[in-house]
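*Asks:* structure, please.
(2 chains)
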Amino acid sequence: MLKLSELTKRYNTGELALKGVTLEIPKGQVLALIGPSGAGKSTLIRCVNRLVQPTSGSVVLKELELTKLSSSALRRARRRMGMIFQEYALVERLTVMENVLSGRLGYVGFWRSYFRKFPSADIQEAYRLLDRVGLKHMADKRADELSGGQRQRVGICRALIQNPDLLLVDEPTASLDPKTSRQIMRLIQELCSERGLTAIINIHDVFLAQMFSQRVVGLELGSVVYDGKPEGLTPEVLTRIYGEEDWSATIKSTDEDDDNEEEF
Amino acid sequence: MPAITNNGIETWRLRTSKEQWIRWVCWLIGLAVIMYAWQMISEKTVWFFVTDAPSQAADIGSRMVPPKWSYMDKLWKPVWDTINIATIGTIIAMAIAVPVAFATARNTTPNIVVRTIGLFIIVSSRSVNSLIWALILVFILGPGVLAGTIAIGLRSIGFCAKLIYESIEEIDHTQVEAIEATGASGPQKMIFGILPQVLPTIAGVGIYRWDINIRESTILGLVGAGGIGLQLNGSLNTLAWTQVSLILIVILVTVFISEWVSAKVRGAII
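*Replies:* As a prediction, this is how the structure comes out:
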């Protein structure tokens, strides 16, 4: 469904963030992208929806080559890609409802969005989604009144109301406590399976990556150094991705696997 | 200064000896300049007038009391004019300043040419005092409230646009990025991603400038541009000190009220 080939990004500073990454992600797969800070995880997902312009290589989403699109075609293509951010990236001074509805901006005209006259179907869908993540009662609160976990749920709603084919998730749990992190990851995973969504999830936490994904890709200095099942993350593999460290406490033990694995 | 080893003991100081000396010399030069300037000023002062000042002030002071309260009848209209000059001038200024700010801020400017024009507007508006604007406009438009209003407006554009464009440049970019990622168009990014972030600043700057403009518009009358300054000028010229004192009281009260209003409104917005 999503095909990256020889994707390369060199920033103006000369830093080579991605070195010819090739990946193919089938429909409905939830892929966790792990790697140390600066490995190019954020750059990679931003190259997909072109918040960062790739230097070379191609990104093909459902037969559509994204890297060469004109700006209006790119806007249309972005509507099919929902993005969830590390620091939630909600518009702080707008209400929860406005934030969720902003996911529909690609479908409504300027004046309708200016006067917040969104189609009633969008509003129904926004309420449904907020209800799904347990925040319907918060619809009229301002985003900056919410806690971290609540904000991230709103961020998820904003991405899902786009009715996307692909979810790009950038460190969704980096600003959250461990419990909320698990809840958010579980929610993303459930929503992906409910809607048959394909997702790329950047994540620091190896344990969470193993728990909530079907495939793990390890990135180091802009190159793929691991691509396989979550269970394949042995201490040797983690050393290859992150460098030498005692990994025994990080890796999920086989017993725990059995408890959680049925969900997948 | 990095740690230095002295007889095997590591010591640390904030500055090297050289930096320390440079600082001393700079302080010395600064002090010398101040003392020289002090001496020059005192040479050029006619000390007779200065020593005479307390009795002069006491003389004028005694002529000022009691304020001529009955003169108030003639002041209501000028006060009203003054407030209108400030308010309408601020509205005009804000209507121009907001687009100029968006055209000038690095992250929203369409191109370098527009940015340069924006900066030019800001600098030229800021570099001329409103009294000078009023002086010029009285020549062009004739004396009256209109000249004062436009003078206030022209003077305020630069101030408002500068503060607003700086706040546009300081917005949180990830919020804009998130809006962009939904497939929003450029103008939609502006109203959903940027405007909500700078709206408090826009409102705050407008209120703050209105508060300043109330004070500025009280003196515009001195050059014939309408408002209470006109009365002040007239009273000063005819040595009607009891009227002058009343006008000063009225200005004080007006400014006090405007400060109070702007503090309340600003508190409500932010």
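
*Asks:* which bits of the stretch 101-250 of chain A sit near chain B?
*Replies:* Selection of the stretch 101-250 of chain A residues close to chain B by Cβ under 8 Å from any Cβ of the partner chain yields A:102-107, A:110, A:113-114, A:155, A:158, A:162, A:168. (C-beta placed from N, C-alpha, C; glycine too.)

*Asks:* burial of the residue in the stretch 101-250 of chain B positioned nearest to chain A, as a residue count?
*Replies:* The minimum distance from the stretch 101-250 of chain B to chain A, using Cβ to the nearest Cβ, falls at residue B:183 (2.8 Å). If you count neighbours by other Cβ atoms under 10 Å in any protein chain shown, residue B:183 ends up with 24.

*Asks:* ok, the one 5 residues further on next?
*Replies:* If you count neighbours by other Cβ under 10 Å, residue B:188 ends up with 23.

*Asks:* hang on, it packs against residue B:180?
*Replies:* No: judged on Cβ atoms under 8 Å, residue B:188 makes no contact with residue B:180 at a distance of 9.2 Å.

*Asks:* could the C-alpha coordinates of stretch A:69-83 be exported in PDB?
*Replies:* Extracted C-alpha coordinates of stretch A:69-83, given in PDB (Å, rounded to 0.1, in the frame of the first residue of the first chain):
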ATOM      1  CA  LEU A  69       3.000  16.200  -6.700                       C
ATOM      2  CA  SER A  70       2.100  19.800  -7.300                       C
ATOM      3  CA  SER A  71       1.000  21.700  -4.200                       C
ATOM      4  CA  SER A  72      -2.700  21.300  -4.900                       C
ATOM      5  CA  ALA A  73      -2.400  17.600  -5.700                       C
ATOM      6  CA  LEU A  74      -0.200  17.300  -2.600                       C
ATOM      7  CA  ARG A  75      -3.000  18.900  -0.500                       C
ATOM      8  CA  ARG A  76      -5.500  16.300  -1.900                       C
ATOM      9  CA  ALA A  77      -3.000  13.500  -1.200                       C
ATOM     10  CA  ARG A  78      -2.500  14.700   2.400                       C
ATOM     11  CA  ARG A  79      -6.200  14.300   3.100                       C
ATOM     12  CA  ARG A  80      -5.600  10.500   2.900                       C
ATOM     13  CA  MET A  81      -2.800  10.600   5.400                       C
ATOM     14  CA  GLY A  82      -3.500  11.400   9.100                       C
ATOM     15  CA  MET A  83      -0.700  12.500  11.300                       C
END
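
*Asks:* is it in proximity to chain B?
*Replies:* Yes: against chain B, stretch A:69-83 shows contacts by Cβ under 8 Å from any Cβ at A:75-79, A:81-83.

*Asks:* filter those residues down to just the buried residues.
*Replies:* Using 16 or more other Cβ atoms under 10 Å in any protein chain shown as the burial test, the residues of stretch A:69-83 next to chain B include A:75, A:77-79, A:81-83 as buried.

*Asks:* among these, which are in strands?
*Replies:* A:81-83 (DSSP state E).

*Asks:* can I get these in JSON lines including distance to residue A:232 and pLDDT?
*Replies:* Output for those, formatted as JSON lines (distance: Cβ to Cβ, whole Å; pLDDT from 0 to 100):
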{"residue": "A:81", "distance to residue A:232": "28", "pLDDT": "93"}
{"residue": "A:82", "distance to residue A:232": "28", "pLDDT": "94"}
{"residue": "A:83", "distance to residue A:232": "28", "pLDDT": "95"}
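
*Asks:* tell me the one of those nearest chain B?
*Replies:* residue A:83 (4.2 Å).

*Asks:* buried sites along stretch A:27-43?
*Replies:* Result for stretch A:27-43 [16+ other Cβ under 10 Å]: buried residues A:29-35, A:39-43.

*Asks:* can you list those residues in a markdown table and add pLDDT and distance to chain B?
*Replies:* Converted to a markdown table, the buried residues of stretch A:27-43 look like this (pLDDT from 0 to 100; distance: Cβ to the nearest Cβ, whole Å):
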| residue | pLDDT | distance to chain B |
| --- | --- | --- |
| A:29 | 92 | 21 |
| A:30 | 92 | 19 |
| A:31 | 93 | 19 |
| A:32 | 93 | 20 |
| A:33 | 93 | 17 |
| A:34 | 92 | 22 |
| A:35 | 89 | 21 |
| A:39 | 88 | 20 |
| A:40 | 89 | 17 |
| A:41 | 91 | 16 |
| A:42 | 91 | 11 |
| A:43 | 93 | 13 |
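
*Asks:* in what helix or strand does the spatially most central residue of chain B lie?
*Replies:* Central residue of chain B (Cα atoms, centre = their mean): residue B:212, 6.1 Å from the mean position. Per DSSP states H and E: residue B:212 is located in helix B:195-220.

*Asks:* hmm, that helix touching chain A?
*Replies:* Yes: among the residues of helix B:195-220, B:196-197, B:199-200 lie within reach of chain A under Cβ under 8 Å from any Cβ.

*Asks:* just how off-centre is stretch B:161-177 within its chain?
*Replies:* On the basis of Cα atoms, centre = their mean, to the nearest Å, stretch B:161-177 sits 22 Å off its chain's mean C-alpha point.

*Asks:* straight-line length of it, end to end?
*Replies:* In stretch B:161-177, first residue to last residue: 24 Å (Cα to Cα, to the nearest Å).

*Asks:* got the buried residues for it?
*Replies:* B:161-165, B:167-168, B:171, B:174-177.

*Asks:* name the residues of chain B found near chain A, please.
*Replies:* So chain B meets chain A at B:172, B:174-175, B:177-185, B:187-188, B:191-193, B:196-197, B:199-200 (Cβ under 8 Å from any Cβ).

*Asks:* just the buried members of these?
*Replies:* Neighbour counting with 16+ other Cβ under 10 Å marks B:174-175, B:177-185, B:188, B:191-193, B:196-197 as buried within the residues of chain B next to chain A.

*Asks:* now, which of the residues you listed lie within helices?
*Replies:* Using DSSP state H, B:174-175, B:177-181, B:188, B:196-197 are the members of those that sit in helices.

*Asks:* let me have these in CSV, extended by pLDDT.
*Replies:* Output for those, formatted as CSV (pLDDT from 0 to 100):
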residue, pLDDT
B:174, 91
B:175, 93
B:177, 92
B:178, 94
B:179, 94
B:180, 93
B:181, 93
B:188, 93
B:196, 92
B:197, 92
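
*Asks:* what comes into contact with the helix or strand residue B:125 falls within?
*Replies:* Per DSSP H and E: residue B:125 is located in helix B:112-127. For helix B:112-127, contacts defined as Cβ atoms under 8 Å, 6 or more residues apart in numbering or on different chains pick out B:100-101, B:103-104, B:106, B:109, B:154-159, B:161-162, B:165.

*Asks:* pLDDT on the very next helix or strand once past that helix, on average?
*Replies:* Later in the chain than helix B:112-127, the nearest helix or strand by DSSP H and E is helix B:130-141. Average pLDDT, helix B:130-141: 89.

*Asks:* okay, buried residues for helix B:130-141 please.
*Replies:* B:130-131, B:133-135, B:137-138, B:141.

*Asks:* tilt between the helix or strand that it is followed by and helix B:112-127?
*Replies:* Using DSSP H and E, the helix or strand that follows helix B:130-141 in sequence is helix B:145-169. Here helix B:145-169 runs at an angle of 130 degrees relative to helix B:112-127 (axes from the mean of the first three to the mean of the last three Cα atoms, to 10 degrees).

*Asks:* can you tell me the helix or strand for residue A:219?
*Replies:* strand A:215-220.

*Asks:* who does that strand pair up with?
*Replies:* strand A:30-34 (parallel), strand A:223-228 (antiparallel) (DSSP bridges).

*Asks:* on that earlier part again, any idea how far the helix holding residue B:212 is from the chain center?
*Replies:* 9 Å.

*Asks:* okay, buried residues for it please.
*Replies:* Quick answer for helix B:195-220 (16+ other Cβ under 10 Å): B:195-198, B:201-214, B:216-220.

*Asks:* need the ones in helices among the buried ones among the residues of chain B next to chain A in CSV (columns: distance to residue B:261).
*Replies:* Below are those laid out as CSV (distance: Cβ to Cβ, whole Å):
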residue, distance to residue B:261
B:174, 36
B:175, 32
B:177, 38
B:178, 37
B:179, 35
B:180, 39
B:181, 42
B:188, 35
B:196, 25
B:197, 26
